[in-house]
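Undergrad: Task: produce atomic coordinates for the following.
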Amino acid sequence: MHDMDTRKTASPHSNLSLDVQLCFALYSTMIGLNKVYRTLLKPLGLTYPQYLVMLVLWENDAQTVSAIGERLFLDSATLTPMLKRLEASGVIERRRSEEDERQVIISLTDAGWQLRERAKDVPNCIGAAAECAPKDIEALRTQLNDLRGRLFKHAA
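TA: Predicted coordinates for the structure are as follows:
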């Protein structure tokens, strides 16, 4: 049993206060961002992770599952069910590589390319929802990408 004197409330300036945690600021911001994306992506029939896969394929079609996973920091166990759902919706196709049957190549269908046109305004809508100028979003994205790189460098 703890002595009442040892269970004091942390001061707002404590390094263990929720409001000073970088992880919580990022996490709670992502909750808000995901809510906006959910509203924008629902008419497209996509979830946010599926949208990320589509962005990767719109940049460079016909990629292996492992290449998509590396780009999105996802393992194949997470990615494969998502790819199966995208295939069932008709926007991608999965086929075995002719060079290496162990590899699965993911390619856009005509419907997947048509979806790109329907999704073209999503980034601008996110910027509007964030009430940020494009240069501010670019600066924030650069900072976050740099932070991600430093964190991955030090991750065990």
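Undergrad: which residues of the protein fall in strands?
TA: 63-64, 92-96, 104-108 (DSSP state E).
Undergrad: For the shortest one, which strands pair with it and how are they oriented?
TA: When sheet partners are counted by DSSP bridges, strand 63-64 sits next to strand 104-108 (antiparallel).
Undergrad: that older thread, mind putting the strands of the chain in JSON lines, mean pLDDT, mean neighbour count and distance to Cys125 included?
TA: Any C-beta I mention is one placed from the backbone N, CA and C, and that applies to glycine too. Formatted as JSON lines, those follow (pLDDT from 0 to 100; neighbours: other CB atoms under 10 Å; distance: least, CB to CB, whole Å):
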{"stretch": "strand 63-64", "mean pLDDT": "95", "mean neighbour count": "18", "distance to Cys125": "26"}
{"stretch": "strand 92-96", "mean pLDDT": "95", "mean neighbour count": "15", "distance to Cys125": "24"}
{"stretch": "strand 104-108", "mean pLDDT": "95", "mean neighbour count": "18", "distance to Cys125": "22"}
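Undergrad: So which of those is nearest Thr39?
TA: Proximity to Thr39, assessed across the strands of the chain by CB to CB, is greatest for strand 92-96 (23.4 Å).
Undergrad: okay, the angle between that closest one and strand 104-108?
TA: Here strand 92-96 runs at an angle of 150 degrees relative to strand 104-108 (axes from the mean of the first three to the mean of the last three CA atoms, to 10 degrees).
Undergrad: ok, Glu93 touching Glu87?
TA: Yes: with contact defined as CB atoms under 8 Å, Glu93 reaches Glu87; the gap is 6.3 Å.
Undergrad: Averaged pLDDT, stretch 116-124. What do you get?
TA: For stretch 116-124, the mean pLDDT works out to 96.
Undergrad: Could you list the buried residues of that stretch?
TA: 119, 122 (16 or more other CB atoms under 10 Å).
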